[in-house]
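[1] Predicted model, plus sequence, below.
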Amino acid sequence: DNLNDYNFAEGKAAETGTDFYLAIAKTMKAHGFTALVDIYNNVPYTEALKGLEFVRPKYDDGKFVYEESMKELDNAMALFQKLKAAGTIAPATNSVDVMFGGNVDLWMKFVNTLKLRLLMHQSARADRQSYITAEIAKIVSQGSGCLLYTS
């Protein structure tokens, strides 16, 4: 249900040119799909969220879903960076954004945190080491850091 909501929000945000909400929808959609992979491994992705077009969507490989989700997180990060550079977040966004109150810096850190989580989940696979190294280098060079939780 959440993925359908994020998919709807992504469509509306793209339609209206609301990049902040588009970036959030992409981020949360990637988060939702990867959480499903963590639980079930292979899940519908390419044919998912298309209503009655695919009543029995095919299951995609978990590795593929992770890679596509990383691409979506990269797209979200690019949108957040564009918004930060332009300084175009409307003040009304602060009250609507229940996670980070319109703080683009925190959203960028959240995206990087999600990316690091996905990379850690793949770290035991020898065939993923060069991919992981390259993705970590992208996160470091991007420079926003990640969210750290302390108790």
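    Here it is on my side, so go on. Note that the structure is a prediction, hence the values are computed from the model and not measured.
[2] Return the helix or strand of the chain with the lowest mean pLDDT as PDB; C-alpha atoms alone will do.
    One helix or strand of the chain scores below all others by mean pLDDT, DSSP states H and E: helix 93-96, with a mean of 75. What follows is helix 93-96, C-alpha atoms only, in PDB (Å, rounded to 0.1, in the frame of the first residue of the first chain):
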ATOM      1  CA  THR A  93       7.200  22.400   2.800                       C
ATOM      2  CA  ASN A  94       8.600  22.600   6.300                       C
ATOM      3  CA  SER A  95       5.200  21.800   7.900                       C
ATOM      4  CA  VAL A  96       4.300  19.100   5.300                       C
END
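[3] Could you identify the helix or strand that succeeds it?
    The first helix or strand that comes after helix 93-96 along the chain, using DSSP states H and E, is helix 104-121.
[4] Buried residues, the helix or strand just after that following helix. List them.
    For helix 104-121, the following helix or strand on the C-terminal side (DSSP H and E) is helix 129-142. Of the residues in helix 129-142, 131-132, 135, 139, 142 count as buried by neighbour count, 16 or more other CB atoms under 10 Å. For every residue, glycine as well, the C-beta is placed using N, CA and C.
[5] With pLDDT and distance to residue 124 added, can I get those in JSON lines?
    Output for those, formatted as JSON lines (pLDDT from 0 to 100; distance: CB to CB, whole Å):
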{"residue": "131", "pLDDT": "92", "distance to residue 124": "13"}
{"residue": "132", "pLDDT": "93", "distance to residue 124": "11"}
{"residue": "135", "pLDDT": "92", "distance to residue 124": "16"}
{"residue": "139", "pLDDT": "92", "distance to residue 124": "19"}
{"residue": "142", "pLDDT": "87", "distance to residue 124": "25"}
